[in-house]
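Participant: Could you work out the structure for the sequence below:
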Amino acid sequence: MVKKRILWQLFPTYLLITLTAILAVGWFSVNSLRDFYYDRTAEDLKNRAWLVEHQVLKTSPSLESDLLNKLSHELGNKTDTRITIIDLSGKVLGDSHEDPSRMNNHSDRPEFIFAMKGEFGTSIRFSNTLEERMMYIAVPLIYENSIKGVVRTSIPVTFIDHALRSIEVKIASASLLVSLLVAGISLMVSRRISRPIEKMKSAAESISKGDWSDEISVQSDSLEISALADALNQMVTQLDKRIHTITAQRNEREAVLSSMVEGVLAVDAEEKLISMNHAAAKLIGVDPKQAEGRSVQEVVRNPTLLKFVQQTLQGRENAETDLAIGNENEKYLQAHGAVLHDSLGEAVGAVIVLNDITRIRRLETVRRDFVANVSHELKTPITLIKGFVETLQQGALQNKEEAERFLQIMAKQVDRLNAIIEDLLTLSRLEQNSENSEMAFENTGLKNLLESVIRDCEWKASDNSASIHLICDEDLLAPVNPPLMSQAVINLVDNALKYSGPDKQIEIKVSKNKTEVIIEVMDHGCGIDSAHLPRLFERFYRVDEARSRKLGGTGLGLAIVKHIAQAHGGKVSAQSRLGKGSQFSIHLPIR
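Facilitator: This next block holds a predicted model:
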């Protein structure tokens, strides 16, 4: 169905009603005038007929044809009326306009039949004699209380038709003028009705686009339209308040969800995503805007999580599980699921909360590895010492040379135990000082500090025929704790000397950018496989355990470097290529 503007519904309707009324009034007026003219003409003819009847009875009561024909001519000429006198058989005795002998018998004429009954008869028809429409009035010719014949008078009705046609033209002209006037008034009234409605429509369209600024101002004499405009303004006010409330609540909810570390996703009963915060999108690796409204099977690729969502939707109680996602289980999540219910208690969906426990899992792994490693590191020297003690107890003391050798080995293992314990205590102190923010920093010239480190390491470098080269600006300062930073760099240089081999050069380079100072220690030794780089700074982690123990390392040197860097608010990094050497860096932020 084609929709039209209200203007083109009201205006044609008004115009149609007006034209119908004008046509009805015109038709009624013309017909009323026609009936009036015919009635007056019939009454006039009837009066003339009575006068003719009187003259006929006075002139020739016996109805002689010659006298009656002459009388008809005289009276017809004087009154401009056709007069016809007819006997009882229908024979024409006299006529003012035609020879009676040539006229047909009139016994079948309607007006004659009525007159013979003592009544006056009326008829309008086409006259073959005069060849025009005529009105006939017939009255009975009564003599001595008996009907002797009929007197008929008639005149043409064409003058009535001409008069009515002139009146019809005038009525049509007046109707046309009235129609034009009414059309203008109808258009004006239609516009007055439609313009406020169109204005309200435009305002409603603006509101639908989010523009609430303009109030609907409608000037109309119509109580209903004014009331409608007031109701729309009230509705706009209420909607504006509610939308602001809903928007504020939505923003608060999104702010809460966005700031949450936990991932939150909600699905409906058909397993389609209703909502997802950024944390959840990051955890499962999807775009939250593209995921919303899609099936959870299209978004989530982890079968364990999909199964958990289905179990949550099917269950009535909260669910919980641990799952691993990503390549090679790179992330560990703890999932909590709860069913969403409507006001009637029907299940309409589920909400899933995901906690990233990857760090906790890794810390647990590190803790287990640390316990195992520290047990292993302590058990080896203790086992050796215990073995030599038992050997000495069993009589080896008698052999002085063997006893001396055993005591030297035991002393070496005790020194190793002492070094491990000292390193562990150092790490513990670093962690405590870092947590309590008790560490003192001072703006220190790095070149002087590093030159002191090189002097401390020269004796070991000379044993390996190695050299240490420093690249550092004279005026480069950094807020550090000098003893700790010296220890960190000594550990790195000590490692470089151990794994570089003889006749190699160790480089210490210091650089500065906009955000940090970087201390780099580079060697040209055997290098480290890239698979080991992420775990190099873990406690007791060894790339080559046999070689590390042979060189006398405790496995805690790089861990101490990492904790010293973190105590300064910085970090450590490592780069290496097999057969090319390694580069260890300490990144210190500029305070």
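Participant: Enumerate every residue touching Gln575.
Facilitator: By Cβ atoms under 8 Å, 6 or more residues apart in numbering, the residues touching Gln575 are 533, 582-583, 585. The C-beta positions use only the backbone N, C-alpha and C, and glycine is treated the same way.
Participant: What subset of those is buried?
Facilitator: 582-583, 585 (16 or more other Cβ atoms under 10 Å).
Participant: Could you provide the contacts of Gln575 in CSV, with additional columns for secondary structure and distance to Arg34?
Facilitator: Shown next, in CSV, are the contacts of Gln575 (DSSP: H, G, I helix; E, B strand; the rest coil; distance: Cβ to Cβ, whole Å):
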residue, secondary structure, distance to Arg34
Leu533, helix, 118
Ser582, strand, 125
Gln583, strand, 122
Ser585, strand, 119
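Participant: got those as a markdown table, with distance to Val489 and pLDDT columns?
Facilitator: Below are the contacts of Gln575 laid out as a markdown table (distance: Cβ to Cβ, whole Å; pLDDT from 0 to 100):
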| residue | distance to Val489 | pLDDT |
| --- | --- | --- |
| Leu533 | 20 | 76 |
| Ser582 | 15 | 86 |
| Gln583 | 14 | 87 |
| Ser585 | 11 | 89 |
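Participant: from those, which single one is nearest Asp342?
Facilitator: For the contacts of Gln575, the minimum distance to Asp342 (Cβ to Cβ) is 53.4 Å, reached by Leu533.
Participant: who's in contact with that closest one?
Facilitator: Neighbours of Leu533 in contact, by Cβ under 8 Å, 6+ apart: 574-576.
Participant: again, but for Arg591
Facilitator: Counted by Cβ under 8 Å, 6+ apart, Arg591 has contacts 441, 479, 569.
Participant: same thing with Lys400?
Facilitator: Lys400 neighbours (Cβ under 8 Å, 6+ apart): none.
Participant: Could you measure from it over to Lys412?
Facilitator: Relative to Lys412, Lys400 is positioned 19 Å away (Cβ to Cβ, to the nearest Å).
Participant: Tell me which stretches of the stretch 451-591 of the chain form strands.
Facilitator: Secondary structure of the stretch 451-591 of the chain, counting by DSSP state E, counting those that start in this stretch: strands at 467-471, 477-480, 505-512, 516-522, 571-577, 581-589.
Participant: Please apply the same query to the stretch 251-400 of the chain.
Facilitator: 263-268, 273-276, 319-325, 331-341, 347-356.
Participant: Neighbours of Ile409, how many?
Facilitator: Using other Cβ atoms under 10 Å, Ile409 has 15 other residues around it.
Participant: so which strand or helix has it?
Facilitator: Element membership of Ile409 [criterion: DSSP states H and E] is helix 400-436.
Participant: Run through who's touching the following helix or strand past that helix.
Facilitator: Per DSSP H and E, the first helix or strand lying C-terminal to helix 400-436 is strand 442-445. Applying Cβ under 8 Å, 6+ apart, the contact partners of strand 442-445 are 474-482, 485.
Participant: measure the residue nearest to Pro479 when sequence neighbours are not counted to Gly345 for me?
Facilitator: Spatial nearest neighbour of Pro479, excluding adjacent residues (Cβ to Cβ, 6 or more residues apart in numbering): Phe441 at 4.5 Å. Distance of Phe441 to Gly345, given as Cβ to Cβ: 61 Å.
Participant: the more surrounded of the two?
Facilitator: The residue with more neighbours, out of Phe441 and Gly345, is Phe441; 16 against 6, by other Cβ under 10 Å.
Participant: Name all residues that make contact with the more buried one.
Facilitator: Contacts of Phe441 by Cβ under 8 Å, 6+ apart are 479-481, 568, 591.
Participant: Asn105: which of those residues is nearest?
Facilitator: Arg591 (143.2 Å).
Participant: May I ask you to confirm that Ala163 belongs to a helix?
Facilitator: Yes. Counting by DSSP: H, G, I helix; E, B strand; the rest coil, Ala163 is found in a helix.
Participant: From Arg48, how far off is the closest residue to it other than its chain neighbours?
Facilitator: With sequence-adjacent residues excluded and distances taken as Cβ to Cβ, 6+ apart, Ala163 is closest to Tyr37, at 6.9 Å. Note on Tyr37: its distance to Arg48, by Cβ to Cβ, is 16 Å.
Participant: With neighbour numbers in mind, choose between those two.
Facilitator: Ranked by neighbour count (other Cβ under 10 Å), Tyr37 and Arg48 place Arg48 first, with 21 against 18.
Participant: Spit out the contact partners of that one.
Facilitator: 79, 81, 83, 137, 153.
Participant: let's go with 6 Å and repeat that
Facilitator: 79, 81, 153 (Cβ atoms under 6 Å, 6 or more residues apart in numbering).
Participant: mind checking pLDDT for it?
Facilitator: We have a pLDDT of 86 for Arg48.
Participant: same deal with Leu10?
Facilitator: On the pLDDT scale, Leu10 gets 68.
Participant: Please enumerate the strands of the stretch 1-150 of the chain.
Facilitator: Going by DSSP E, counting those that start in this stretch, the stretch 1-150 of the chain shows strands at 82-87, 92-95, 121-127, 132-143, 146-156.
Participant: For the last one, name the packing helices and strands.
Facilitator: The contact analysis (3 or more Cβ pairs under 6 Å, 6 or more residues apart in numbering; DSSP states H and E) places strand 146-156 against helix 7-59, strand 82-87, strand 132-143.
Participant: what comes up buried for that strand?
Facilitator: Applying 16+ other Cβ under 10 Å to strand 146-156 flags 148-155 as buried.
Participant: is Arg152 in a bridge, and if so with what?
Facilitator: Thr84, Ala138 (DSSP bridges).
Participant: can you offset everything so residue one is 845?
Facilitator: In the new numbering, first residue 845, that becomes Arg996.
Participant: one step back: got the contacts of Gln1419 as TSV, with distance to Thr1089 columns?
Facilitator: Compiled in TSV, these are given as follows (distance: Cβ to Cβ, whole Å):
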residue	distance to Thr1089
Leu1377	54
Ser1426	61
Gln1427	59
Ser1429	54
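Participant: export the contacts of Arg1435 to JSON lines and tack on pLDDT?
Facilitator: JSON lines is the format used below for the contacts of Arg1435 (pLDDT from 0 to 100):
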{"residue": "Phe1285", "pLDDT": "79"}
{"residue": "Pro1323", "pLDDT": "86"}
{"residue": "Gly1413", "pLDDT": "83"}
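Participant: So which helix or strand of this protein has the lowest pLDDT on average?
Facilitator: helix 1389-1394 (a mean of 48; mean pLDDT, DSSP states H and E).
Participant: I'd like the strands of the stretch 845-994 of the chain as CSV, with mean pLDDT and distance to Lys1133 appended.
Facilitator: Formatted as CSV, the strands of the stretch 845-994 of the chain follow (pLDDT from 0 to 100; distance: least, Cβ to Cβ, whole Å):
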stretch, mean pLDDT, distance to Lys1133
strand 926-931, 88, 102
strand 936-939, 87, 107
strand 965-971, 84, 90
strand 976-987, 86, 90
strand 990-1000, 87, 94
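Participant: on that earlier part again, tabulate the strands of the stretch 1295-1435 of the chain (TSV), appending distance to His1185.
Facilitator: Below are the strands of the stretch 1295-1435 of the chain laid out as TSV (distance: least, Cβ to Cβ, whole Å):
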stretch	distance to His1185
strand 1311-1315	68
strand 1321-1324	57
strand 1349-1356	60
strand 1360-1366	53
strand 1415-1421	48
strand 1425-1433	50
